[in-house]
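Asks: okay, predicted coordinates and the sequence, questions at the end:
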Amino acid sequence: MSDAPFRPVLRTQADVEQMWRRLMTPLGFSGFSLWVVAVEDDRAVPKVMEFAEMPESPEDDDAEALAVILGHLAAPDTRFAFLRSRPGGGRPDAADRAWARALYDAGRAAGVRLEVVHLAHDDDVYPLAVDDLLAEPA
């Protein structure tokens with residue numbers, strides 16, 4: 001087995017989803033977290049950051065606070081991949097969609113590009129694309 005760090009090439013949403021599936025296996029979560037990976041030159045940086053013990057739904061200033069963090073982390077041409085994890089199962093719910101919207105808002109406010117936000121719960125991993133969020137009620 002190689003000791004090389006896990007640095008997948010991320011050029012498509014399917015690449016990002018495959019990365020999250022590998023990183024989150026085995027599925028199963030006891031709380032709510034946000035996970036972020038920086039992407040440079042189409043490769044994931046081999047460090048995963050977890051914001052643990054997050055509230056079930058975003059609070060009013062969460063997008064702004066995340067934008068500040070992204071602004072500090074961003075280098076030229078850096079983009080970010082986010083995943084929300086939570087216990088339970090089922091389709092993405094209103095809180096999942098609210099977090100995805102808050103993350104996309106944070107990216108816009110920080111002036112950084114985001115990959116498609118993903119959700120992981122006890123049963124599966126789902127993409128939460130911005131176009132899909134626009135079609136659903138808040």
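Replies: Perfect, thanks for sending it. Just so you know, these numbers come straight off a predicted model, no measurement behind them. Residues are numbered from 1 along each chain as shown.

Asks: now stretch 75-95: buried residues?
Replies: 79-86, 92, 95 (16 or more other Cβ atoms under 10 Å). All C-beta spots, glycine's among them, are computed from the backbone N, C-alpha and C.

Asks: report the rounded mean pLDDT for it.
Replies: Stretch 75-95 shows a mean pLDDT of 95.

Asks: dump the C-alpha coordinates for that stretch into CSV.
Replies: Extracted in CSV, the C-alpha atoms of stretch 75-95 (Å, rounded to 0.1, in the frame of the first residue of the first chain):
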residue,chain,number,x,y,z
ALA,A,75,-5.0,31.5,-2.5
PRO,A,76,-5.2,32.4,-6.2
ASP,A,77,-7.0,29.7,-8.1
THR,A,78,-8.0,27.8,-5.0
ARG,A,79,-11.5,26.4,-4.8
PHE,A,80,-13.2,24.5,-2.0
ALA,A,81,-15.3,21.3,-1.7
PHE,A,82,-17.8,21.2,1.2
LEU,A,83,-19.8,18.4,2.6
ARG,A,84,-22.5,18.5,5.4
SER,A,85,-22.8,15.3,7.5
ARG,A,86,-25.6,14.4,9.8
PRO,A,87,-27.2,11.4,11.4
GLY,A,88,-30.3,9.8,9.9
GLY,A,89,-31.2,9.1,6.3
GLY,A,90,-33.6,10.0,3.6
ARG,A,91,-33.5,12.6,0.9
PRO,A,92,-31.9,16.0,1.6
ASP,A,93,-34.2,18.0,3.9
ALA,A,94,-34.8,21.7,4.4
ALA,A,95,-31.9,22.0,6.9
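
Asks: where does Gly28 sit: helix, strand or coil?
Replies: coil (DSSP: H, G, I helix; E, B strand; the rest coil).
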